[in-house]
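Enquirer: What follows is a predicted protein model with its sequence.
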Amino acid sequence: MVGKANFETVDALLPTTLNEGELLVKALYISVDPYMRGRMNDTKSYIEPYEVGKPLTGGVVAEVVESKHADFLPGDFVLGNLTWTEKQVVDGAAVTKLMKDLVPLSYYLGILGMPGLTAYFGLLHIGEPKAGETVVISGAAGAVGTVVGQIAKIKGCRVVGIAGSDGKNAYLKNKFHFDETINYQNTTDLSAAIAKACPNGVDIYYDNVGGAISDAVLQHINKFARIIICGQISMYNSTETPVGPRPQVALVKNSAFMKGFVVSDFSKHFPEGVSQLTAWLTAGKLQYQETVVKGFDALPDAFIGLFRGDNTGKLLVEV
């Protein structure tokens, strides 16, 4: 598990002048996300690991302070994969200008950003939900899970969420209209709880957690079920390779489909996803929840809090 001792805050000098095409920006919102834990391991993955002694990078919404790029003016707002710094100089080609009056700026790190697009493409392009099917979501109260559940409801599915507290589960039902929820923290027989919540079995499992929760869900999948592997947060801090039930028997027996993905797999379709999510959001078909921690120095605590389950919905830091 990552701790405060793994982080260091330092002062650094900014360049005194900008080169042509560069921007000086100041961070407004910084995203903290589970995938960042994987980048702290020096192992082969879909993205390069972080380097010890250098700033972390991730989703940042920032304001332009100074510009030497023709497409940006001071006061513009931008989104980019930027470093965890209060101010920085960036290439204007590396950021996207944001429409500041359409939605709150923080939404571009959540429902209209990586988490929302992850939910959209994972469920619709891999899961291909059909009306009347049962969709189970682990990590259901997180930034991705809350959006997956709502899109599944839009598509006419029965939605069951698995989360780690009664408060979160009540929120899933009351705000996001999940049909059933399971608190895995106080359930002595998770398989039985899934059977009760899913009397007609599981057609789609959107897996954000892995581990024992996923082992239990796999016991209840239907013929031609689709299992979407988005995250495995229960195992990100494991010091040994976990050993659990093997999924192959359940997959073969049910002619089921299991696929892992990262959102960048669908990058050429991002405009489609942002357009549809925005339409649902402005029409009131999607609700959104953020957990906002204030202050740049709160970044390490906010990141660590992800693994304690401190957040409901998207967790981010307001600088």
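Expert: Received the coordinates, thanks. Numbering: from 1, shown residues only.

Enquirer: how about low-confidence regions in the stretch 201-319 of the chain?
Expert: 233-239 (pLDDT under 70).

Enquirer: just the strands in it please.
Expert: Along the stretch 201-319 of the chain, counting by DSSP state E, counting those that start in this stretch, strands occupy 202-207, 221-229, 257-260, 290-294, 314-318.

Enquirer: how about the helices of this structure, start to end?
Expert: All helices of the chain, identified by DSSP state H, fall at 35-38, 114-121, 143-154, 166-174, 190-197, 211-218, 248-253, 270-282, 299-306.

Enquirer: and the fourth one, what does it pack onto?
Expert: If I follow you right, that is helix 166-174. strand 158-163, strand 180-183 (3 or more CB pairs under 8 Å, 6 or more residues apart in numbering; DSSP states H and E). Every residue, glycine included, has its C-beta placed from N, CA and C.

Enquirer: now the first one: how far from the chain's centre is it?
Expert: Pointing back at strand 158-163 there. Relative to the chain's own centre, strand 158-163 is displaced by 17 Å; criterion: CA atoms, centre = their mean, to the nearest Å.

Enquirer: ok, now which ones touch the nearest residue to F121 once chain neighbours are set aside?
Expert: Spatially, and ignoring its direct neighbours in sequence, F121 is nearest to F266 (4.2 Å; CB to CB, 6 or more residues apart in numbering). Residues counted as contacts of F266 (CB atoms under 8 Å, 6 or more residues apart in numbering) are L117, F121, H125, G273.

Enquirer: Which single one of those residues is nearest to N200?
Expert: Taking CB to CB as the measure, N200 lies nearest H125 of the contacts of F266, at 24.1 Å.

Enquirer: Burial check on that closest one, number of neighbours?
Expert: By other CB atoms under 10 Å, the residues close to H125 number 16.

Enquirer: Which pLDDT does the model give it?
Expert: Listed pLDDT for H125 reads 97.

Enquirer: Make TSV out of the helices and strands packed on helix 166-174 and add mean neighbour count.
Expert: As requested, those are exported to TSV (neighbours: other CB atoms under 10 Å):
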stretch	mean neighbour count
strand 158-163	28
strand 180-183	22
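
Enquirer: Just put the helices of the chain in JSON lines and tack on distance to K54 and mean neighbour count.
Expert: Formatted as JSON lines, the helices of the chain follow (distance: least, CB to CB, whole Å; neighbours: other CB atoms under 10 Å):
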{"stretch": "helix 35-38", "distance to K54": "14", "mean neighbour count": "18"}
{"stretch": "helix 114-121", "distance to K54": "21", "mean neighbour count": "26"}
{"stretch": "helix 143-154", "distance to K54": "26", "mean neighbour count": "27"}
{"stretch": "helix 166-174", "distance to K54": "35", "mean neighbour count": "17"}
{"stretch": "helix 190-197", "distance to K54": "41", "mean neighbour count": "17"}
{"stretch": "helix 211-218", "distance to K54": "31", "mean neighbour count": "21"}
{"stretch": "helix 248-253", "distance to K54": "40", "mean neighbour count": "12"}
{"stretch": "helix 270-282", "distance to K54": "28", "mean neighbour count": "16"}
{"stretch": "helix 299-306", "distance to K54": "15", "mean neighbour count": "19"}
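
Enquirer: among the ones you listed, which is nearest F77?
Expert: Closest among the helices of the chain, once you apply CB to CB, is helix 270-282, at 15.7 Å.

Enquirer: So what touches the closest one?
Expert: 102-103, 107, 111-112, 116-117, 120-121, 147, 151, 154, 266, 286, 288.

Enquirer: For N208, which of the helices and strands packed on helix 166-174 is the nearest?
Expert: strand 158-163 (9.2 Å).

Enquirer: Return the angle between stretch directions for the closest one and helix 143-154.
Expert: 160 degrees (axes from the mean of the first three to the mean of the last three CA atoms, to 10 degrees).

Enquirer: Among the contacts of helix 270-282, find the lowest-pLDDT one for me.
Expert: Among the contacts of helix 270-282, L102 has the lowest pLDDT, at 80.

Enquirer: Skipping its backbone neighbours, what lies nearest it in space?
Expert: Of all residues beyond its chain neighbours, the one nearest L102 is T278 (7.3 Å), with distances taken as CB to CB, 6+ apart.

Enquirer: where's the one you found relative to L112, distance?
Expert: To L112, T278 is 6 Å away according to CB to CB, to the nearest Å.

Enquirer: thinking again about what came up before, possible to save the helices of the chain as a markdown table with distance to T85?
Expert: Compiled in a markdown table, those are given as follows (distance: least, CB to CB, whole Å):
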| stretch | distance to T85 |
| --- | --- |
| helix 35-38 | 15 |
| helix 114-121 | 20 |
| helix 143-154 | 23 |
| helix 166-174 | 32 |
| helix 190-197 | 42 |
| helix 211-218 | 34 |
| helix 248-253 | 45 |
| helix 270-282 | 26 |
| helix 299-306 | 10 |
